[in-house]
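Asks: Sequence first, predicted coordinates after that:
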Amino acid sequence: MDADAASNLAAINERIARAHARFGAPPERVELVAVSKTFDAEAIEPFLAAGQRVFGENRVQEAKDKWPAFRELYPDVTLHLIGPLQTNKAREAVALFDVIETVDRDKLAGVLAAEMARAGRTLPCFVQVNIGLEDQKAGIAPAEAVEFVQRCRSVHGLNIVGLMCIPPDGVPPGPYFAHLATLGRDAGVGSLSMGMSGDFEIGIAMGATHVRVGSALFGHRPPLI
């Protein structure tokens, strides 16, 4: 497993580097967020041993079960929350994560700001945009995104550094990524989290600063219990 993890990680990093060089994307570098949701410690550790330090988790409780022990061994890990966040989990999220990618409503923004103040932490945050206006997906509507970013900053005092999206399945993602990039410029943010295992090179072509890659690194995801 260690050899497979190192090989997969090297291959994805090489693809990221090639895409970045080919498309001349604006960011100086593209951050690989290894999406370790649903994978256990045994599956994650080889990637840590191979040098990966940025990981993404969807659920607060799952991350709470896995990552404190890893942080003792790898204190330079950066953990992104990339799944929907309930306000009653905000305190735990602020304590555990280093980046919140899924701010999508005023109530959550206010609660996060209060919990960060209480904990003495200022976490970088992304606003999640429901770029395809899909009922089943979280995120602020694209037409409201720029104003919401401004409100998160001026009213709630959050450090909004970027936008995040998940494009609709089964259609070319490029136009959706391009739309997010335009919204990012209008909102004055420097980071764009867009692109996953099947389309991260397209995300990079459109200016992604962060790509969230899971199955291309870890393989097929275990079934949820």
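Replies: Everything's here; your move.
Asks: can I assume residue 187 is in contact with residue 149?
Replies: Yes: with contacts defined as C-beta atoms under 8 Å, residue 187 counts as touching residue 149 at a distance of 4.1 Å. The way it works is simple: take the backbone N, C-alpha and C, and place the C-beta from them, glycine included.
Asks: Need the residues touching each of those two.
Replies: Shared contacts of residue 187 and residue 149, defined by C-beta atoms under 8 Å, 6 or more residues apart in numbering, comprise 127, 160, 163.
Asks: Could you pull up phi and psi at the first one?
Replies: This means residue 127. Dihedral angles of residue 127 (phi, psi; degrees, to the nearest 10) stand at phi -90, psi 130.
Asks: shift numbering so it begins at 3
Replies: Done: numbering now begins at 3, and the last item shifts to residue 129.
Asks: Which strand residues bridge it?
Replies: residue 105, residue 165 (DSSP bridges).
Asks: mind checking which helix or strand residue 82 is in?
Replies: For residue 82, the host element (DSSP states H and E) is strand 80-83.
Asks: in the helix or strand that that strand is followed by, what's buried?
Replies: Using DSSP H and E, the helix or strand that follows strand 80-83 in sequence is helix 92-98. Residues of helix 92-98 classed as buried by neighbour count (16 or more other C-beta atoms under 10 Å): 92, 93, 95, 96, 98.
Asks: model confidence over the strand holding residue 82, on average?
Replies: In this model, strand 80-83 has a mean pLDDT of 98.
Asks: With adjacent residues omitted, what lies nearest to residue 39?
Replies: Using C-beta to C-beta, 6 or more residues apart in numbering and skipping the chain neighbours, the partner closest in space to residue 39 is residue 60 (4.2 Å).
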